[in-house]
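Novice: Next come a sequence and a model predicted from it.
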Amino acid sequence: MKFKKFGSTEARIYDMVRPIAEENGLIVWDVRFEKEGAMWYLRVFLDHMERPVNISDCEAVTRPLNKLLDETDPIPQSYTLEVGSAGLERELIRETHFSACEGSKVRVRMIRPLEDGTRELTGTLISADKDNITIETAEGSREIPLAGAAFVRLADLDEDEIRKAAADHE
């Protein structure tokens, strides 16, 4: 894996949706313009640093974004717009994702096992650059080649963290 950069369509949409999200106290985590089968999907992933993203948040961004997309027509082909939460176990794919998540618990799955036979690691993300990520595991600090990673995701929250997030959301 390597850091993913926005394509031109994704960059244009990011610039359009960012002010709408910020007006609603949200962060645009990612924008993806992807083809699946014969269909194109424009996916906008939102985050809120202090609480989970809810359906009202998604609606508050979808309505004005949909209107703006209709007015400006920045994408020539037909597509389906999807606006949703980045999720608790979001994948880290952009350089900004890694820097935003330093100090967070992550799960790394390798394409092939590391020299010690390890294929999956969980630990605290210490740092990342274009070549390596460093995580602190129970066994100590590990530097992992990013090119050998199948994915890097935020790790599962434990039950206490889930209960706290649910209580904060109510």
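Specialist: Thanks, I have the structure now.

Novice: which residue packs closest to Lys130, ignoring adjacent ones?
Specialist: Nearest residue to Lys130 in three dimensions, chain neighbours excluded: Phe3, at 6.0 Å (Cβ to Cβ, 6 or more residues apart in numbering). Just so you know, the C-beta spots here come from the backbone N, C-alpha and C atoms, and that holds for glycine as well.

Novice: now Ala149: how far from Tyr79?
Specialist: Distance of Ala149 to Tyr79, given as Cβ to Cβ, to the nearest Å: 29 Å.

Novice: Surely the residue nearest to Lys130 forms part of a strand?
Specialist: No - counting by DSSP: H, G, I helix; E, B strand; the rest coil, Phe3 is not found in a strand; it is coil.

Novice: List phi and psi for Arg119.
Specialist: phi -110, psi -20 (degrees, to the nearest 10).

Novice: nearest residue to it other than its sequence neighbours?
Specialist: Nearest residue to Arg119, sequence neighbours excluded (Cβ to Cβ, 6+ apart): Pro113, at 4.7 Å.

Novice: Next, give phi and psi for the one you found.
Specialist: Backbone geometry at Pro113, expressed as degrees, to the nearest 10, gives phi -60, psi 150.

Novice: And it, how far from Phe45?
Specialist: Note on Pro113: its distance to Phe45, by Cβ to Cβ, is 31 Å.

Novice: Pick out whichever of those two has more residues nearby.
Specialist: Per other Cβ atoms under 10 Å, whichever of Pro113 and Phe45 has more neighbours is Phe45, with 19 against 11.

Novice: Touching the helix or strand that that one is a member of from outside, list them.
Specialist: Here Phe45, judged by DSSP states H and E, is contained in strand 39-47. Strand 39-47 is contacted from outside by 13, 17, 21, 26-35, 53, 57-58, 61, 65, 69, 75, 77-87, 90, using Cβ atoms under 8 Å, 6 or more residues apart in numbering.
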